[in-house]
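Participant: Here is the input, now give the coordinates:
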Amino acid sequence: MNQYNILQKDYTIYRKLYQLKLPLNLEYMIPSNDSVRLLSQFVEEMDLSDLYMTYSRVKENQASPRKLLKIILYGYMNGLYSSRDIESACHRDINFMFLLEGSKAPDHSTIARFRTLHFAPCAEQILAQTTNFLYEIGEISGESIFIDGTKIEASSNKFTFVWKRAVTKNMQKLFTKIENFVAECSELYGVRVGYRNTIKIKDLKKLRKKLYRIKKAENIEFVHGCGKRKTALQRSIEQLEQYLGKLKEYTQKIHICGNRNSYSKTDEDATFMRMKEDAMKNGQLKPAYNLQHAVDSGYIAWLTIGPQPTDTTTLIPLLKSMQENLNFKYLKIVADSGYESEENYSFIENNGQLSFIKPANYEISKTRKYQNDISRIENMEYNYDGDYYVCKNNRRLYANDIKKRKSKTGYVSTKTIYTCENCNNCKFKA
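Facilitator: Reported below is the predicted structural model:
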């Protein structure tokens with residue numbers, strides 16, 4: 001039987017009249033009004049010098065950073081967030097091939113490195129260019145900005161929490177043990193460290209050096225294992241090493257927390273917050289991020305992400321970030337009652353902007369019970385000339401004291417306390 005070397009695959013083996021057709025140009029197969037064309041044109045006109053500066057050198061045989069940015073953005077537009085899904089789309093989807101312009105499809109590790117090492121540091125500048133361009137062509141008004149936030153749960157286990165208050169409490173207990181330990185070492189070995197009963201980490205390191213000097217001077221050998229008795233010096237040194245390790249661990253945890261009250265061990269940027277989706281109905285805290293959106297004419301003009309569990313402290317950082325990066329300034333700030341605070345009102349007013357923030361008591365203030373409550377200062381008559389309020393019994397409440405409170409952000413608020421001149425024999429006192 002004769003054997004033949006097959007040099008070319010037979011594509012007509014399963015079909016008689018079959019002709020292989022390959023398009024010479026992928027652009028003919030994409031409609032003229034497809035969104036991929038708009039994205040490609042938009043990215044081509046962007047200044048990506050900051051993105052290219054994150055590279056030491058750009059390889060010629062791979063997709064350029066501009067092309068990688070195109071496929072990342074187009075993947076996000078179509079709900080593809082995984083690097084492996086985007087890699088698969090570059091091999092199968094004709095729109096991704098159009099964006100690559102004949103370049104070799106990048107693998108998932110290249111896409112992941114681009115997103116983490118190169119795109120992330122420049123994301124703010126790219127968003128600023130997009131918003132400024134939309135303002136120049138008149139797609140957004142630039143007058144009123146609507147702000148709202150949402151909490152995104154981190155990809156981390158809910159039992160990986162580290163609480164700053166618990167760590168601080170354990171550190172105080174540890175220092176109490178260390179003080180007793182140092183006093184014991186002073187009696188046993190005649191070694192003294194610290195100043196005025198204050199012990200620091202450097203004092204413990206000095207104590208460790210002195211104990212090792214005693215070990216070397218007396219030629220003491222450390223033993224380990226069953227049936228061997230440790231000397232008092234060996235037990236003291238091992239206890240000191242344990243205390244130093246714990247003290248270093250607590251210090252590192254407090255440093256990671258910073259101004260936050262908690263963080264996750266597997267995702268140190270995530271903070272434990274109370275989420276809206278509470279399936280167990282027990283108010284359990286979960287690691288999450290607070291994402292703030294600023295919307296104008298249906299476009300997300302700006303966004304910030306932070307560890308704040310409430311929306312009150314996120315407004316000022318968002319407005320400052322917008323003012324630093326955008327070429328224009330919004331005059332009207334619109335937000336819900338979650339952003340109401342004296343600090344936010346003062347910042348917006350001093351910044352030359354108008355605030356349209358719903359008061360926190362707006363809904364309850366419309367009820368009849370609230371309006372008929374004579375104990376509330378909102379329902380009392382105020383005299384501007386004399387600076388006093390008039391109660392239901394026609395008696396005056398004068399300013400008696402001024403209290404100042406400092407918030408976590410450092411803002412100092414002034415509260416004026418008004419007291420009635422005389423409440424004796426008042427028929428409304430009950």
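Participant: hey, let's count contacts and neighbours off CA atoms from now on
Facilitator: Fine.
Participant: Strands along the stretch 251-400 of the chain, start to end?
Facilitator: Secondary structure of the stretch 251-400 of the chain (DSSP state E, counting those that start in this stretch): strands at 262-264, 271-274, 285-296, 299-306, 332-335, 354-357, 381-383, 388-390, 396-406.
Participant: Out of these, flag the one nearest S346.
Facilitator: Checking the strands of the stretch 251-400 of the chain against S346 by C-alpha to C-alpha gives strand 354-357 as the closest, at 9.8 Å.
Participant: So what are the sheet partners of that closest one and their directions?
Facilitator: Counting by DSSP bridges, the strands paired with strand 354-357 are strand 332-335 (parallel).
Participant: list the buried ones in stretch 249-261?
Facilitator: By neighbour count with 16 or more other C-alpha atoms under 10 Å, stretch 249-261 contains the buried residues Y250, K253, I254, I256, C257, R260, N261.
Participant: what does that stretch contact?
Facilitator: The set of residues external to stretch 249-261 that reach it, using C-alpha atoms under 8 Å, 6 or more residues apart in numbering, is V162, W163, K164, R165, V167, T168, M171, Y263, E268, T271, P307, Q308.
Participant: Show the contacting residues for the first one.
Facilitator: By C-alpha under 8 Å, 6+ apart, the residues touching V162 are K253, S262, Y263, S264, K265.
Participant: one more time with 6 Å, if that's ok
Facilitator: Contact analysis of V162 by C-alpha atoms under 6 Å, 6 or more residues apart in numbering lists S262, Y263.
Participant: With N393 instead?
Facilitator: N393 sits next to no residue when contact means C-alpha under 6 Å, 6+ apart.
Participant: A335 bridge partners, please.
Facilitator: What pairs with A335, by the bridge criterion (DSSP bridges), is I357.
Participant: now N424: how far from L397?
Facilitator: 14 Å (C-alpha to C-alpha, to the nearest Å).
Participant: I meant I348, not that one.
Facilitator: Counting by C-alpha to C-alpha, the gap from I348 to L397 is 31 Å.
Participant: for K200, same thing?
Facilitator: Distance of K200 to L397, computed by C-alpha to C-alpha: 53 Å.
Participant: Pick out whichever of these two has more residues nearby.
Facilitator: More crowded of K200 and L397, by other C-alpha atoms under 10 Å: L397, with 19 against 13.
Participant: Tell me, what's the model's pLDDT at that one?
Facilitator: Predicted confidence (pLDDT) at L397: the value is 91.
Participant: try Y418
Facilitator: 91.
Participant: for V390, same thing?
Facilitator: Looking at V390, its pLDDT is 92.
Participant: which residue sits closest to it in space, ignoring its chain neighbours?
Facilitator: Take V390 and drop its neighbours on the chain: the residue closest to it by C-alpha to C-alpha, 6 or more residues apart in numbering is R396, 4.7 Å away.
Participant: doesn't N383 make contact with that neighbour?
Facilitator: No: applying C-alpha atoms under 6 Å as the test, R396 and N383 come out as separate, 9.6 Å apart.
Participant: With neighbour numbers in mind, choose between those two.
Facilitator: The residue with more neighbours, out of R396 and N383, is R396; 22 against 11, by other C-alpha under 10 Å.
Participant: For the more buried one, give me its contacts.
Facilitator: Going by C-alpha under 6 Å, 6+ apart, R396 touches Y389, V390, C420.
Participant: Please list only the buried members of these.
Facilitator: Among those, those classed as buried by 16+ other C-alpha under 10 Å are Y389, V390.
Participant: will you turn the contacts of R396 into CSV that also has distance to A301?
Facilitator: Output for the contacts of R396, formatted as CSV (distance: C-alpha to C-alpha, whole Å):
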residue, distance to A301
Y389, 45
V390, 47
C420, 50
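Participant: Need the three-state assignment for E139.
Facilitator: Here E139 is recorded as coil under DSSP: H, G, I helix; E, B strand; the rest coil.
Participant: follow-up on the earlier one: for the residue nearest to V390, give its distance to M380.
Facilitator: For R396, the distance to M380 equals 10 Å [C-alpha to C-alpha].
Participant: Same question for R235.
Facilitator: Distance of R235 to M380, given as C-alpha to C-alpha: 72 Å.
Participant: now Y76
Facilitator: Y76 is 55 Å from M380, where distance means C-alpha to C-alpha.
Participant: For these two, indicate the residue with more neighbours.
Facilitator: The residue with more neighbours, out of Y76 and M380, is M380; 17 against 13, by other C-alpha under 10 Å.
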